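>>> no sequence for this one, just the structure:
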């Protein structure tokens, strides 16, 4: 029996299998070369490390996207040296992603990729293992952060003395808009006479909707509009005719949380949206109406907000318990 000896023209299966991964690596490194990111060299080393470990193209692409977003956020915090990384930076990124309305499962996936990258930096003695001592067990629960207590809401509002900040926080609290949606509002989006805000395209799902202005939010917005630069198009404008950035808005919220002595409560900017939903449900709003105001395509997403409100459960519990305590329940168990 004659054996066939492979020639140089015959394909090598090992080489064929390696091509997609190499193309994926070249693709992400090509994108990375055009970016100005903190820890860029370390990021490239990590991508090469994952390729050598035979990770699939989709894994490389997913890790690249997650780490890129985090490093962009890290740079926006004013940090360039990855050695300055702190656990709070990762917590702030999680809050940022929640504020953008990302799904919990998406955030979990991104955090896993980022933590893997940070562990790589630890192995390279670039980061100390102590910075993620607790973060390894960091999990995003499959529920929404709690709403702000009504008494705390009043304390927060009372300490806001800046017209722009008051308008910003009250818009978040009374309309349920996502932080990105509020920051990108222009004068054309607001109808003061009708007390309405038109969101032509939702930040998360591109679904347009209308939200409404409560009296206190409307008053605060009018006060701010009376003194802001009339030449600017964005309602909350920063430098160079662009909206103020998320980190600026978050820092102002944190400032007033501290001023109200509520920093120990763990409230975040995104809690304002949860508070909006919780208070409307407690006031008797139908879930279908709240779904439209929040801009959810799936009512099951809105239904999760019902976990934040307990008025109905409380009333049902005490009504049922009153019957039980009076001996109104018969039968064997």
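Ah, there it is. Remember, predicted model here, so these are calculated numbers, not experimental data.

>>> okay, buried residues for stretch 236-252 please.
Buried residues in stretch 236-252, counted by 16 or more other C-beta atoms under 10 Å: 236-237, 243-244, 246, 249-250, 252. For the C-beta atoms, the positions are set from N, CA and C on the backbone; glycine is no exception.

>>> just stretch 96-115 next, same as before
Buried residues in stretch 96-115 (16+ other C-beta under 10 Å): 96-102, 104, 107, 109-111, 113-115.

>>> what's the answer for stretch 288-299, then?
If you call a residue buried by 16+ other C-beta under 10 Å, then stretch 288-299 has these buried ones: 290-291, 293-296.

>>> of all the residues you listed, which two lie farthest apart?
The span of the buried residues of stretch 288-299, defined through C-beta to C-beta, is set by 290 and 295 at 10.5 Å.

>>> let's verify the nearest residue to residue 83 once chain neighbours are set aside: helix, strand, or coil?
The spatially closest residue to residue 83, leaving aside those adjacent along the chain, is residue 126, at 6.3 Å (C-beta to C-beta, 6 or more residues apart in numbering). The three-state label given to residue 126 by DSSP: H, G, I helix; E, B strand; the rest coil is coil.

>>> so what's residue 198 bridging to?
Under DSSP bridges, the beta-bridge partners of residue 198 are residue 210.

>>> per-residue confidence for residue 160?
Per-residue pLDDT puts residue 160 at 97.

>>> can you give me the neighbour number for it?
For residue 160, the neighbour count with other C-beta atoms under 10 Å is 21.

>>> check contacts around it.
Contact partners of residue 160, counting by C-beta atoms under 8 Å, 6 or more residues apart in numbering, are 166, 169, 256.

>>> could you dump those residues to JSON lines with pLDDT and distance to residue 85?
Formatted as JSON lines, the contacts of residue 160 follow (pLDDT from 0 to 100; distance: C-beta to C-beta, whole Å):
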{"residue": "166", "pLDDT": "97", "distance to residue 85": "34"}
{"residue": "169", "pLDDT": "97", "distance to residue 85": "29"}
{"residue": "256", "pLDDT": "97", "distance to residue 85": "27"}
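
>>> just the strands in this protein please.
For the chain, the strands defined by DSSP state E occupy 190-191, 196-199, 209-212.
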